[in-house]
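>>> sequence plus predicted model, see below.
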2 protein chains.
Amino acid sequence: MGNETGTGTRDLLIETARDLFLLQGYGATGVAEIVRVAGVRPGSLYYFFPTKEDLLIAVLEWYRDNIYEGLLQPVYERIDDPLERVFGILDGYRQMLLLTAYDQGCPIGNLALEVTNSHPRVRELLKENFVQWTDEVARNLTLAAGRLPAEIDIPGLSEYILSVMEGAIMLARTYRTIDPYDNAIAHLRDYVDRMVEDGTNWAKPSRFRHASDGEKTL
Amino acid sequence: MGNETGTGTRDLLIETARDLFLLQGYGATGVAEIVRVAGVRPGSLYYFFPTKEDLLIAVLEWYRDNIYEGLLQPVYERIDDPLERVFGILDGYRQMLLLTAYDQGCPIGNLALEVTNSHPRVRELLKENFVQWTDEVARNLTLAAGRLPAEIDIPGLSEYILSVMEGAIMLARTYRTIDPYDNAIAHLRDYVDRMVEDGTNWAKPSRFRHASDGEKTL
DNA sequence: GTCTATACAACGATAGAC
DNA sequence: GTCTATCGTTGTATAGAC
């Protein structure tokens, strides 16, 4: 096909590299393989991306710019409750693990551990992706703030949720079973439930506590 | 130097590879670099390890066989309380992040995400290392069982703690700041505190709850 | 913007003398 | 068990015609 700007080829290369990086990692994916799978010649790739790292940067920018379509929208279509939307996002990663037989985890998490000692711009984009994720979770938690304790540190809790998810994916992929992921999310749910039921929370060495029972069908 | 069994060279190669894999990853570390840093010739390396992957396996076996000396002993020397020993282990990773300026995370976690789609024996050893870690945490939690709710699922909680730690290391290394790690451990502490103070826990959809106050200076 | 052809270094691994 | 020398492949990246 080919259009006047060559955008089609550029996007094709980004999407091909994205998929291969996700499956095999950045270092294990060769430029030759990318152009072969994309059906493009090396000259075209290096026309758009002077180095392989520039292609990685474009992939990370793609993830950053497509979080809604790829991650949030499918969940938000099914779920309205903001707190359940957070757990819906987590369930999305669970489905990915099952569908790919643990071959694919979190794209950003994989790259984070592999290339974090790399070029500054890459780390910057990894951070941007993580921050975008936690900001979205925080937005949902804010919408659910009525059910959560007033003094809750929503950004901190959001970041904690990301930590749990990334670690749980790591274990599930290593064990080749969903159990560690389900276990981790169940504990996370238990933790949030305690906050909801409790009216207290926060991880700082706060030790103020008061009984306040009550059933909750979160 | 050189002894009759060549064990010295073998161990030297394992330790050199271990350090380089930790700093740069498995794929990014070349065999040529390993032998150069170790001051050994390629012929010697391939005498002991037919392939690079065999060397990786030896490194993972090293971690498995040295968890006490490298990880537990320094903590257990300072801390006696079993529950605090768990948080002491977590603090060890915190010190490593700070001392290496976020260049080094968890050796097993790094390799887990990088080579988990690799040879079965490698994944098996990654799992052995994780299980050994969670078993040790579970042992400590069992010793502290008097303070924890009776119905607690100790293996599940131990695995959850590992998930939190691995994810938190990932974020701290990406952000190049200790904040995400401290935030995650603080939330974990809060969660455990709630169990200790509460007398209830467990992440299954159990919703039985009963008040039981009491101060606790964990 | 895309093509063919290829440069040049690094890769894992091996051969064979000692 | 260790040495030197090197094989064959793949890696990223480039040159220059079209």
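Now that the structure is in, tell me what you want to look at.
>>> what's the mean pLDDT across the top helix by length along chain A?
For chain A, the longest helix by residue count, based on DSSP state H, is helix A:120-143. The predicted model assigns helix A:120-143 a mean pLDDT of 97.
>>> and for the residue lying closest to A:Ile89 once chain neighbours are set aside, the neighbour number?
Setting aside the residues directly before and after it, A:Ile89 is nearest to A:Val75 in space (CB to CB, 6 or more residues apart in numbering or on different chains), at 5.5 Å. In this view, the C-beta of every residue, glycine as well, is placed from N, C-alpha and C. Burial of A:Val75, expressed as a neighbour count using other CB atoms under 10 Å in any protein chain shown, amounts to 17.
>>> kindly report the same for the one 4 residues further on.
Taking other CB under 10 Å as the criterion, the count of residues near A:Ile79 is 17.
>>> ok, it - contacts?
With contacts defined as CB atoms under 8 Å, 6 or more residues apart in numbering or on different chains, the neighbours of A:Ile79 are A:85, A:88.
>>> what sits up against the helix or strand the residue nearest to A:Ile89 falls within?
When elements are assigned from DSSP states H and E, A:Val75 belongs to helix A:73-78. Applying CB under 8 Å, 6+ apart, the set of residues contacting helix A:73-78 from outside is A:85, A:88-89, A:91-92.
>>> show me what counts as buried in it.
Taking 16 or more other CB atoms under 10 Å in any protein chain shown as the basis for neighbour counts, the residues of helix A:73-78 that come out buried are A:Val75.
>>> where's A:Ala168, which helix or strand?
When secondary structure is defined by DSSP H and E, A:Ala168 falls within helix A:154-175.
>>> oh, that last question was meant for A:Tyr93, not what I typed.
Remark: A:Tyr93 resides in helix A:82-99, with elements defined by DSSP H and E.
>>> and the longest helix of chain A, what other elements does it pack with?
In terms of contacts (3 or more CB pairs under 8 Å, 6 or more residues apart in numbering or on different chains; DSSP states H and E), helix A:120-143 is packed against helix A:52-65, helix A:67, helix A:82-99, helix A:107-115, helix A:154-175, helix B:154-175.
>>> put together CSV for the contacts of helix A:73-78, with pLDDT, neighbour count and distance to DNA strand C on each row.
Formatted as CSV, these follow (pLDDT from 0 to 100; neighbours: other CB atoms under 10 Å in any protein chain shown; distance: CB to the nearest atom of the strand, whole Å):
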residue, pLDDT, neighbour count, distance to DNA strand C
A:Arg85, 98, 22, 40
A:Gly88, 98, 18, 39
A:Ile89, 98, 21, 36
A:Asp91, 98, 16, 38
A:Gly92, 98, 15, 34
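>>> for B:Pro120, find the nearest of the helices and strands packed on helix A:120-143.
The stretch from the helices and strands packed on helix A:120-143 with the least distance to B:Pro120 (CB to CB) is helix A:154-175; that distance is 12.0 Å.
>>> does chain B sit close to that closest one?
Yes. With CB under 8 Å from any CB of the partner chain as the criterion, chain B is reached by helix A:154-175 at A:156-157, A:159-160, A:162-168, A:170-171, A:173-175.
>>> now stretch A:28-40
Yes. Stretch A:28-40 is in contact with chain B by CB under 8 Å from any CB, via A:Ala28.
>>> buried residues of that stretch, list them for me.
Along stretch A:28-40, these residues count as buried under the neighbour rule (16+ other CB under 10 Å): A:28-29, A:34-35, A:38, A:40.
>>> what about it, average pLDDT?
Mean pLDDT, stretch A:28-40: 97.
>>> quick one: distance of it to the chain centre.
25 Å (CA atoms, centre = their mean, to the nearest Å).
>>> count the residues that sit near the spatially closest residue to A:Pro107 that is not a sequence neighbour.
Spatial nearest neighbour of A:Pro107, chain neighbours left out: A:Leu22 (5.0 Å); criterion: CB to CB, 6+ apart. Neighbours of A:Leu22 under the rule other CB under 10 Å: 22.
>>> name the element A:Leu22 belongs to?
Counting by DSSP H and E, the secondary-structure element that holds A:Leu22 is helix A:7-24.
>>> now check that helix, is it near DNA strand C?
Yes. For a cut-off given as CB under 7 Å from any atom of the strand, helix A:7-24 has contacts with DNA strand C, namely A:8-9.
>>> before we move on, the earlier item: for the helix holding A:Ala168, the averaged confidence score.
In this model, helix A:154-175 has a mean pLDDT of 98.
>>> what's the next secondary structure element after it?
Past helix A:154-175, further along toward the C-terminus, the next helix or strand under DSSP H and E is helix A:179-198.
>>> which strands and helices sit next to that next one?
Contact analysis of helix A:179-198 by 3+ CB pairs under 8 Å, 6+ apart lists helix A:82-99, helix A:154-175, helix B:154-175, helix B:179-198 as its packing neighbours.
>>> contact partners for A:Pro155?
When contacts are counted by CB under 8 Å, 6+ apart, A:Pro155 is found next to A:134, A:138.
>>> so the helix holding A:Ala168 versus helix A:82-99, what angle?
On the basis of axes from the mean of the first three to the mean of the last three CA atoms, to 10 degrees, helix A:154-175 is oriented at 20 degrees to helix A:82-99.
>>> re the thing from before, what does the longest helix of chain A contact?
Defining contact as CB under 8 Å, 6+ apart, one finds that helix A:120-143 is touched by A:53, A:56-57, A:60-61, A:63-64, A:67, A:72, A:82-83, A:85-86, A:89, A:108, A:111-112, A:115-116, A:148, A:152, A:154-155, A:157-159, A:161-162, B:171, B:174-176.
>>> again with stretch A:99-107
Residues from elsewhere that reach stretch A:99-107 (CB under 8 Å, 6+ apart): A:18, A:21-23, A:63, A:93, A:96-97, A:165-166, A:169-170, A:172-173, A:176-177, B:113, B:116-117.
>>> from B:Asp179, how far out is the closest residue to DNA strand C within chain A?
Distances between chain A and DNA strand C by CB to the nearest atom of the strand are smallest at A:Gly43, namely 1.9 Å. Shown here: A:Gly43 relative to B:Asp179, a distance of 45 Å by CB to CB, to the nearest Å.
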